[in-house]
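Engineer: this one's sequence-less:
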């Protein structure tokens, strides 16, 4: 596709359930980022993938959060045993790496934990 | 999670006024960037700064990379209604490849 695609766009789940959020980056982009944006807040860094290097997981808030990137393309962010405080918009971005900081964002997944 | 300090948190201005916002960090950054986010969308890059002291313009927008490498400023001149949105600074801490975002400045422009 032409841009970064995220699915689902909205997800409502019950507390304690697991959820998977998907990100399809722009074809050929080597860098992929996940951010979390709580209502009225800034973007909180979660995890960063660059090529075949080990991901930077320093922003993951707890061991309930994990992410993987298969084949250097699609990424899945998994939240286990969801809590109400996990409710937020989860944004994915990709970058070609040739222009530092030029990230292309998806429209995000709005996660609501009831 | 790690975020940059950005101010003001929100601004309510009249069309035609100039706007200034800034971002500060306790550590040195290699790169400073400014993004804008419209409702329901992801942020879009406005300006990128790569050298201390650098001053860069993009139309009515001007941004500067602070000499100390710990701050950046964004100015918008002669604001118009479509400037409404949330503006985020972002920076790359030295020694890392990740991009950290500020807490955002919410701009409202009244006709």
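Structural biologist: Sure thing, it's come through. Given the structure is predicted, the values throughout are model-derived calculations rather than measurements.

Engineer: Most proximal residue of chain B with respect to chain A?
Structural biologist: Per Cβ to the nearest Cβ, the residue of chain B with the smallest distance to chain A is residue B:42, at 2.5 Å. Yep, even glycine has a C-beta here, placed from its N, CA and C like the rest.

Engineer: didn't that residue look like it was pressed against residue A:94?
Structural biologist: No: if you go by Cβ atoms under 8 Å, residue B:42 and residue A:94 don't touch, sitting 10.8 Å apart.

Engineer: Are there residues contacting both of the two? Which ones?
Structural biologist: A:4, A:104 (Cβ atoms under 8 Å, 6 or more residues apart in numbering or on different chains).

Engineer: Return the residues of chain A in contact with chain B.
Structural biologist: Counting by Cβ under 8 Å from any Cβ of the partner chain, chain A comes close to chain B at A:4, A:31, A:33, A:35-36, A:41-46, A:48, A:50, A:56, A:58-59, A:61, A:91, A:93, A:99-108.

Engineer: ok, now with 7 Å
Structural biologist: Residues of chain A lying close to chain B (Cβ under 7 Å from any Cβ of the partner chain) are A:33, A:35, A:41-45, A:48, A:50, A:56, A:59, A:61, A:91, A:93, A:100-103, A:105-108.

Engineer: Show me these that map onto strands.
Structural biologist: Among the residues of chain A next to chain B, the members falling in strands (DSSP state E) are A:33, A:35, A:43-45, A:48, A:50, A:91, A:93, A:105.

Engineer: partners of the helix-or-strand element of chain B with minimal mean pLDDT, with directions?
Structural biologist: Least confident helix or strand, chain B: strand B:100-101 with a mean of 90, by mean pLDDT, DSSP states H and E. Take DSSP bridges as the rule and strand B:100-101 pairs in its sheet with strand B:85-93 (antiparallel).

Engineer: so for the partner strand, what's the average pLDDT?
Structural biologist: Mean pLDDT, strand B:85-93: 92.

Engineer: Specify the angle between that strand and strand A:43-50 in degrees.
Structural biologist: For strand B:85-93 against strand A:43-50, the angle by axes from the mean of the first three to the mean of the last three Cα atoms, to 10 degrees is 50 degrees.

Engineer: Return the distance of stretch A:63-75 from the chain's centre.
Structural biologist: 9 Å (Cα atoms, centre = their mean, to the nearest Å).

Engineer: what's next to that stretch, contact-wise?
Structural biologist: Residues outside stretch A:63-75 that contact it (Cβ atoms under 7 Å, 6 or more residues apart in numbering or on different chains): A:22-25, A:32, A:34, A:46-47, A:49, A:51-52, A:76-81, A:92.

Engineer: Are any of those residues buried, and if so which?
Structural biologist: In the contacts of stretch A:63-75, burial by neighbour count holds for A:23-25, A:32, A:34, A:46-47, A:49, A:77, A:79, A:92, counting by 16 or more other Cβ atoms under 10 Å in any protein chain shown.

Engineer: Spatially, which two of those are the most separated?
Structural biologist: The span of these, defined through Cβ to Cβ, is set by A:25 and A:79 at 19.8 Å.

Engineer: Lovely, talk soon.
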